[in-house]
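**Student:** structure, please.
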Amino acid sequence: MNIDEKLLNSIHDDLDICRDYLHQISSGMIKGEVSKYPIFVAMRGVADVDLGLPVVNRNDYDMTWNFNASHLEEFVTKGIVAKDKAADFIKAYKNPKDFMCVFIAEEGAMSFAFMPYDRNRAELN
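**Tutor:** Numbers count the residues shown, from 1 in each chain. This is a model prediction of the structure:
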């Protein structure tokens, strides 16, 4: 599914505020062997989804999006990624040293995106 460019830019703007912090969390999850596949859940609705643990509250930073830290294993357990599709997800997963995996939990736009940690907007996809 293609994600609306305005939506991606909105997330990217908020990530400019907390990107380094999320990178630290991702690195910690990998080093601590929580998961090799961290996923950040981006939410801006009134009723946010029950995935992961809250790590960035939009109200604390005057942002649009909340971010929770999760991982592939939770997505499989909760049926968001089918167990038989986990291998395909792993193949598509980009290097977590360079990219964060963001699950956009927006009604009508639930999708995964890989956003660069280096703030290079040209690499959005």
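**Student:** tell me how many other residues crowd residue 7.
**Tutor:** Residues lying near residue 7 (other Cβ atoms under 10 Å) number 18. Glycine gets a C-beta too; all of them are placed from N, C-alpha and C.
**Student:** now it: closest residue in space that isn't a chain neighbour?
**Tutor:** Nearest residue to residue 7, sequence neighbours excluded (Cβ to Cβ, 6 or more residues apart in numbering): residue 109, at 6.0 Å.
**Student:** doesn't that neighbour belong to a strand?
**Tutor:** No - looking at residue 109 with DSSP: H, G, I helix; E, B strand; the rest coil, it is coil, so not inside a strand.
**Student:** now do the strands in this structure.
**Tutor:** Remark: strands assigned in the chain by DSSP state E are 38-43, 53-56, 66-71, 99-104, 111-116.
**Student:** save these as JSON lines, and put in mean neighbour count, mean pLDDT and distance to residue 26 too.
**Tutor:** Shown next, in JSON lines, are the strands of the chain (neighbours: other Cβ atoms under 10 Å; pLDDT from 0 to 100; distance: least, Cβ to Cβ, whole Å):
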{"stretch": "strand 38-43", "mean neighbour count": "24", "mean pLDDT": "96", "distance to residue 26": "4"}
{"stretch": "strand 53-56", "mean neighbour count": "15", "mean pLDDT": "94", "distance to residue 26": "10"}
{"stretch": "strand 66-71", "mean neighbour count": "22", "mean pLDDT": "96", "distance to residue 26": "8"}
{"stretch": "strand 99-104", "mean neighbour count": "22", "mean pLDDT": "95", "distance to residue 26": "6"}
{"stretch": "strand 111-116", "mean neighbour count": "18", "mean pLDDT": "91", "distance to residue 26": "11"}
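**Student:** turn the ones you listed into CSV, including distance to residue 85.
**Tutor:** Putting these into CSV (distance: least, Cβ to Cβ, whole Å) gives the following:
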stretch, distance to residue 85
strand 38-43, 14
strand 53-56, 24
strand 66-71, 15
strand 99-104, 14
strand 111-116, 12
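**Student:** quick check: the gap between the most centrally placed residue in the chain and residue 84.
**Tutor:** In the chain, the centroid-proximal residue (Cα atoms, centre = their mean) is residue 102; its distance is 2.0 Å. Per Cβ to Cβ, to the nearest Å, residue 102 is found 23 Å from residue 84.
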